[in-house]
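Chemist: let's see this in three dimensions:
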Amino acid sequence: MELLGLSMAMVGLFVGFGLLIGVLFGFFGMGGSFLVTPALLVMGYPTRVAVGSGLAFVFGTSVIATLKHRDLGQVDYKLGLLMIVGTTAGIEVGKQTVVYLEALGLAGSIISVTYVFLLGGIGAFVTYEAVKGDSDGGIDHDAAEAAADADDIPDIAKTIQSYNVPPMISLRGGVTVSLWMILGVAFATGLLSGFLGVGGGFIRMPALFYLIGVPVPIAVGTDLFEIVFSGGLGSFLYALDGGVDLSIVVPLLAGSAFGARIGSAATSIVNEDDIKVYFGLMLLGGALAVAVREIGKVYEMPILNRVSLVLILGSALLVSGAVVYSSITALREESRTASPAVE
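Modeler: Next up, the predicted model:
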């Protein structure tokens, strides 16, 4: 029996994968296609289809997660709209670069190598921050409670905010920063979005916090709001060239619809310090998976493709499980604390 051109086993795999990634996407404002696209490449899909379908999946999932963050008051629409302006130009440049490299037969390898360096570098940084226990530099949802306190933002963000390059823009959380810095971050992440087939969240969300100084919960919600547009535009452009496979996207979205709501809700109850080390390890796992796949291609070892896919799925399962477990633990602690008061 087949559905949308896929066997039921493959449909089940995509639905389950979508569920895991939906949790990550809603919780971190990232974790969508930077796992989906490498997985599709490992499974043998053409580069353009893997990138385009990854963007289409990001678009659908970000809509679901953004609605939840909007309910929590964690979306800065002004910042989101400014990010869209810079991202739009970046996506087109990235997409044209993929088309050019594909014509030369170099797209798959170059995109894979870029994934390895980006995911590995960011993963190593996040893991280092987690192990070091630097709560100021790490990604911490508790920062929402002190969003207006300028001392709670990273030093580099304070330095950037000190540069008075008009026009200056006031953002939620008492943040004031140059318009040109916002547009620069947006263009860079848009370029990566179009080139790698990612929403850009695994770079943009940390950039909003570390570079611009936006409080983390607002950075997550605003990032997701922006991804609605960047993912929609990117998937539309790839769809025009036949790069979106609905038989992949539909089952992924079916799973992520539920997962994204869980992840978004968890941002208000979980201390992310408890699991950020796992997030860093997930990025490192993604980088390792792509590296293993490339080694398999060079040395003609098909078994490494399966190893790569297991690493990707395992990374998503590990961190999604950590988010759910931490949510349940936090709710139990709240319940335990409230019980004496009820008595």
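
Chemist: chain neighbours aside, what residue packs nearest to Val319?
Modeler: Leaving aside its chain neighbours, Val319 sits nearest to Met282 (4.4 Å; criterion: CB to CB, 6 or more residues apart in numbering). Where you see a C-beta, it was placed from the backbone N, CA and C, and this is true even at glycine.

Chemist: equivalent analysis for Gly231, please.
Modeler: Nearest one to Gly231, counting by CB to CB, 6+ apart, is Phe59 at 3.4 Å.

Chemist: how far away is the one you found from Ala260?
Modeler: Distance, Phe59 to Ala260, by CB to CB, to the nearest Å: 12 Å.

Chemist: try Val177
Modeler: The spacing between Val177 and Ala260, counted by CB to CB, is 29 Å.

Chemist: now Gly296
Modeler: From Gly296 to Ala260 the distance is 32 Å (CB to CB).

Chemist: those two: who's more crowded?
Modeler: Ala260 (32 against 18; other CB atoms under 10 Å).

Chemist: got the contact list for the more buried one?
Modeler: Taking CB atoms under 8 Å, 6 or more residues apart in numbering as the criterion, Ala260 is in contact with Gly22, Val23, Phe25, Gly26, Thr61, Ile64, Ala65, Lys68.

Chemist: nearest to Phe125, of these?
Modeler: Comparing these against Phe125 with CB to CB places Phe25 closest, at 20.4 Å.

Chemist: output the helix or strand encompassing the closest one as PDB, nothing but the C-alphas.
Modeler: According to DSSP states H and E, Phe25 maps onto helix 8-28. C-alpha atoms of helix 8-28 as PDB (Å, rounded to 0.1, in the frame of the first residue of the first chain):
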ATOM      1  CA  MET A   8       3.600   3.200   4.300                       C
ATOM      2  CA  ALA A   9       6.900   2.500   6.000                       C
ATOM      3  CA  MET A  10       8.400   5.600   4.600                       C
ATOM      4  CA  VAL A  11       5.300   7.600   5.400                       C
ATOM      5  CA  GLY A  12       5.500   6.400   9.000                       C
ATOM      6  CA  LEU A  13       9.200   7.400   9.100                       C
ATOM      7  CA  PHE A  14       8.600  10.900   7.800                       C
ATOM      8  CA  VAL A  15       5.700  11.400  10.200                       C
ATOM      9  CA  GLY A  16       7.800  10.300  13.200                       C
ATOM     10  CA  PHE A  17      10.700  12.400  12.000                       C
ATOM     11  CA  GLY A  18       8.400  15.400  11.600                       C
ATOM     12  CA  LEU A  19       7.100  14.900  15.200                       C
ATOM     13  CA  LEU A  20      10.700  15.000  16.600                       C
ATOM     14  CA  ILE A  21      11.700  18.000  14.600                       C
ATOM     15  CA  GLY A  22       8.500  19.800  15.400                       C
ATOM     16  CA  VAL A  23       9.300  19.700  19.100                       C
ATOM     17  CA  LEU A  24      12.800  21.100  18.400                       C
ATOM     18  CA  PHE A  25      11.500  23.800  16.000                       C
ATOM     19  CA  GLY A  26       8.900  25.000  18.500                       C
ATOM     20  CA  PHE A  27      11.300  25.000  21.400                       C
ATOM     21  CA  PHE A  28      14.500  26.400  19.900                       C
END
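
Chemist: buried residues of that helix, list them for me.
Modeler: Across helix 8-28, burial judged by 16 or more other CB atoms under 10 Å covers 10-11, 13-28.

Chemist: C-terminal to that helix, what's the next element?
Modeler: Proceeding N to C from helix 8-28, the next assigned helix or strand is helix 33-42, under DSSP H and E.

Chemist: distance from that next one to the middle of the chain?
Modeler: Centroid separation for helix 33-42 versus its chain: 13 Å, with CA atoms, centre = their mean, to the nearest Å.

Chemist: kindly report the same for stretch 85-94.
Modeler: In terms of CA atoms, centre = their mean, the centre of stretch 85-94 is set 17 Å apart from its chain centre.

Chemist: any buried residues in that stretch, and which?
Modeler: Gly86, Thr87, Thr88, Gly90, Ile91, Glu92, Gly94.

Chemist: and those as CSV, adding distance to Val307 and pLDDT?
Modeler: Putting the buried residues of stretch 85-94 into CSV (distance: CB to CB, whole Å; pLDDT from 0 to 100) gives the following:
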residue, distance to Val307, pLDDT
Gly86, 38, 85
Thr87, 34, 79
Thr88, 38, 80
Gly90, 33, 86
Ile91, 32, 81
Glu92, 35, 83
Gly94, 29, 86
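
Chemist: report the contact partners of Val116.
Modeler: By CB under 8 Å, 6+ apart, the residues touching Val116 are Ala287, Val290, Ala291, Glu294.
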